[in-house]
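In: just need the structure, nothing else, for what follows:
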Amino acid sequence: MRTPLNRWALGLLLVAPFWAAAQTTNIDSLLKQAASQPADTQQVRTLLRIAEYYRWTKPDSGIYYAQAALQKNETLKGSPRYNAFAWNSIGYASYMQGKYPEAMQAFQKYYEYSRQAGDKINMAFARNNEANIHIELGEYPQALDKHKSALEIRQQAHDSSGIAMSYNNIGFIYKDIGDYDKALDNFFYALRQFEKLNDQLAIAKTHNYISIVYRRKKEYDKAIQHLQSGIRIQEANKDWNELGISYQTLGSVFSEKKQFNEARAAINKSLEIYERTNDVRQIAMVASDLGRIFLDQAENDSARVYFNRSVTLNRQMGNLRNLASPLLGLAQAQTRLGRYAEAGAALDSARVIVDETNRKDDRKYLYETSAEYYAATGNLREALRYQQLYSSIKDTLLNEANLKAMADMEVKYETEKKEQEILLQQAEISKKNVVIWAVSGVFILVLMLGISMYRRYRLKQQARLRDEIIRQQELATRAVIKAEEDERQRIARDLHDGVGQMMSAAKMNLSAFEANLQLPQEQLQSFEKIIGLVDESCKEIRAVSHNMMPNALLKNSLASAVRDFIDKIDKRALQVHIYTEGLDERLDSNVETVLYRVVQECVNNVIKHSGATTLDISITRDKDGISATIEDNGKGFAVTDQSKFEGIGLKNILTRIQYLKGTVDFDTSPGRGTLVAIHVPL
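Out: Okay, here's the model as predicted:
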């Protein structure tokens, strides 16, 4: 059964990037445009499009219009890119005609004009096309060199997609010479690159290329797996042409596995796609493939129908190259149906074509079919003669296949030998580079080490300076707070022991003096007011003295001192709730004093500024330290207002808590009260 693999290779290796966008070409419209356009660049472009269209179906016409485009462009002194595209079409048409020397020359000019235009993408495509000619001539080492040259050009151009394409092309070389492991290495590398680029259509094609190798290795399940991966992508992207090829090839794999029902289903899907796209050439090929499957299953009447269709379409296209195979299949089907006249007519037509094309595979098939036909019609002499001819050509083809296999092995050996030489050269260069890099590396290492040691020294010095600054700041803060507390104690003692005692003595003397005075009632009332003012002054001095250094803090604990301070607040103006836990044991005197002052400052701020009616105070001690919260329902303030921190003592609170290496958080905003959260580690 014929497969579409050759067409895949053709599409992979022979490329025409000029008109990259797929579109249906209206050739009649293009011909009219070319005839009516003035001799300018637009006419050159139209001629190039006509040449590209005809090189598929009418190579002679393709060459004619490409040469016309060349002449016009030379006259106009136009872009070398147009010359490059014209020579590419000439090379392609010559290739289709089997004129390989002419095709090679054309592709070399395609490369040269692309180089003049600075077009690296088309330079790489030209190298790919030259490689394909070498493949047709069995010159695989030269083909590999051309593909590697294309790869280098694409790497210089940073053409990621083209690089992956080159790995696919190199994989095809290794596939052709039977080095399947290297073929798969290159195909899978290309697949990973296309996946990075998220090029779905290229991913699908590469899956199909991988399936070719697995089919050659007769690992049919892996071949089917990769074909199906490609099919899913092609269906999602509506890539109908490649999808048709994939289903056609899938059918071929199933046919080789003798799974004929699955083969028919796959090839029928291919046929549906080609009928939808009206690809007559592919319809003819698929119809012949279906005929072969029906023939293998002895469904001769169905085989006859499909072979007839393939014959009709190939005759309409004038495609003699693909006409012999369906004619011989038709002859076999008619013979097995007992329609010997129709079988003989098909056989005669096939014989004429085989004599004209002289393709050995078709001739072998002709001898095999003739032997079967003459045996069925009772002409045993002719049957025996054709059977002998069939055996002879079969042996010849087998010997040729063996010779080709040996040649392929020799090519593989030469290729690997050349690669080893390249690797040895690269190793020598690498060795020299290693020495250079080693010397450079030692120098850089010493330099980096010196820089690192200097930076480390600088960092250590900076760290020491920073630590000393912090230590001095702590000492200064400690000294300020200690001096403040000492001054408070001194003033408190002076007020209590000095001014307070004097005021008490004054009150006592005034009270004693009052008893000895005989004053009018009005003067007596004024004297009693004086004594009352002196008494109030004594109380105020005592209160100030206690606030500056509370006896409860000196005698008892932080909790007692805070409660004693809270008890002096007017309950009618502010309801205060206090909760303490874990403060039974005394703390360090500095810690107790600082925390007392902070709570005192917070409460005074609430009384003076917040307008609150309730105040909740919580002081607890646990293994992590002391936590305190002071929360009111007052008017709050904006924490971003710097004047608040400087005007209501909050900055003083921060300074004191930072002295204890603690933290203070203010949670407040205008209209929703204030929460001060303090934590001091112990």
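In: hey, let's count contacts and neighbours off CA atoms from now on
Out: Will do.
In: can you give me the helices for the stretch 101-250 of the chain?
Out: In the stretch 101-250 of the chain, the segments counted as helices under DSSP state H, counting those that start in this stretch are 120-136, 140-156, 160-176, 180-197, 200-216, 220-237, 240-256.
In: redo the ones you listed as CSV? Include mean pLDDT, mean neighbour count and distance to S114.
Out: Listed next are those as CSV, based on pLDDT from 0 to 100; neighbours: other CA atoms under 10 Å; distance: least, CA to CA, whole Å:
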stretch, mean pLDDT, mean neighbour count, distance to S114
helix 120-136, 92, 25, 5
helix 140-156, 92, 21, 12
helix 160-176, 91, 23, 16
helix 180-197, 92, 19, 25
helix 200-216, 92, 23, 25
helix 220-237, 93, 19, 32
helix 240-256, 89, 24, 29
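In: possible to save those helices as CSV with distance to L445?
Out: Listed next are the helices of the stretch 101-250 of the chain as CSV, based on distance: least, CA to CA, whole Å:
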stretch, distance to L445
helix 120-136, 40
helix 140-156, 32
helix 160-176, 35
helix 180-197, 36
helix 200-216, 45
helix 220-237, 50
helix 240-256, 56
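In: quick one: closest of these to W87.
Out: Closest approach to W87 among the helices of the stretch 101-250 of the chain (CA to CA): helix 120-136, 9.9 Å.
In: and the angle for the closest one with helix 140-156?
Out: 170 degrees (axes from the mean of the first three to the mean of the last three CA atoms, to 10 degrees).
In: now helix 120-136, how far from the chain's geometric center?
Out: 31 Å (CA atoms, centre = their mean, to the nearest Å).
In: packing partners for that helix?
Out: For helix 120-136, the packing partners by 3 or more CA pairs under 8 Å, 6 or more residues apart in numbering; DSSP states H and E come out as helix 5-13, helix 100-116, helix 140-156, helix 160-176.
In: which outside residues touch that helix?
Out: Helix 120-136 is touched from outside by 13-17, 88, 95, 100, 103-104, 107-108, 110-112, 114-115, 140, 142-147, 149-151, 153-154, 157, 159, 162, 169, 173, with contacts defined as CA atoms under 8 Å, 6 or more residues apart in numbering.
In: now do the strands in this structure.
Out: 575-581, 614-622, 625-632, 663-668, 674-681 (DSSP state E).
In: between those strands, which gets nearest to A263?
Out: strand 663-668 (77.0 Å).
In: give me the sheet partners of that closest one and which way each runs.
Out: strand 674-681 (antiparallel) (DSSP bridges).
In: leaving out chain neighbours, which residue sits closest to G671?
Out: Once flanking residues are discounted, G671 sits nearest to K635: 4.6 Å by CA to CA, 6 or more residues apart in numbering.
In: returning to what we had before: now mean pLDDT and mean neighbour count too, for the strands of the chain, in CSV please.
Out: Compiled in CSV, the strands of the chain are given as follows (pLDDT from 0 to 100; neighbours: other CA atoms under 10 Å):
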stretch, mean pLDDT, mean neighbour count
strand 575-581, 90, 15
strand 614-622, 92, 17
strand 625-632, 92, 20
strand 663-668, 89, 16
strand 674-681, 92, 19
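In: next, name the residue at the spatial heart of this protein.
Out: K196 (6.3 Å; CA atoms, centre = their mean).
In: how close does that one get to A164?
Out: Noted for K196: a distance of 10 Å to A164, by CA to CA, to the nearest Å.
In: again, but for D588
Out: Distance from D588 to A164, by CA to CA: 75 Å.
In: so what's S114 up against?
Out: So S114 contacts 80-81, 84, 120, 122-123 (CA under 8 Å, 6+ apart).
In: let's have those in CSV, adding distance to M317.
Out: Below are the contacts of S114 laid out as CSV (distance: CA to CA, whole Å):
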residue, distance to M317
P80, 35
R81, 33
A84, 30
K120, 37
N122, 32
M123, 34
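In: hang on, A343 packs against A331?
Out: Yes - contact criterion CA atoms under 8 Å: A343 and A331 qualify, at 4.2 Å.
In: any shared contact partners between the two?
Out: Common neighbours of A343 and A331 (CA under 8 Å, 6+ apart) are Y373.
In: the two: who's more crowded?
Out: Between A343 and A331, counted using other CA atoms under 10 Å, A331 has the larger neighbour count: 32 against 24.
In: which residues touch that one?
Out: Contacts of A331 by CA under 8 Å, 6+ apart are 342-347, 369, 373.
In: pull out the buried residues from those residues.
Out: 343-344, 346-347, 369, 373 (16 or more other CA atoms under 10 Å).
In: TSV please, covering these and showing distance to R292 and pLDDT.
Out: Formatted as TSV, the buried ones among the contacts of A331 follow (distance: CA to CA, whole Å; pLDDT from 0 to 100):
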residue	distance to R292	pLDDT
A343	16	90
G344	19	92
A346	16	91
L347	16	92
T369	13	89
Y373	17	90
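In: R55: which of these is nearest?
Out: Of the buried ones among the contacts of A331, the one sitting nearest to R55 (CA to CA) turns out to be A346, at 30.5 Å.
In: which residues are in contact with that closest one?
Out: Counted by CA under 8 Å, 6+ apart, A346 has contacts 327-328, 330-331.
In: now that we have those residues, which one has the most neighbours?
Out: L330 (34 neighbours).
In: so that one versus I212, what's the distance?
Out: 29 Å.
In: do the same with L389
Out: 32 Å.
In: and if you look at L660?
Out: Distance from L660 to I212, by CA to CA: 78 Å.
In: sounds good, over and out.
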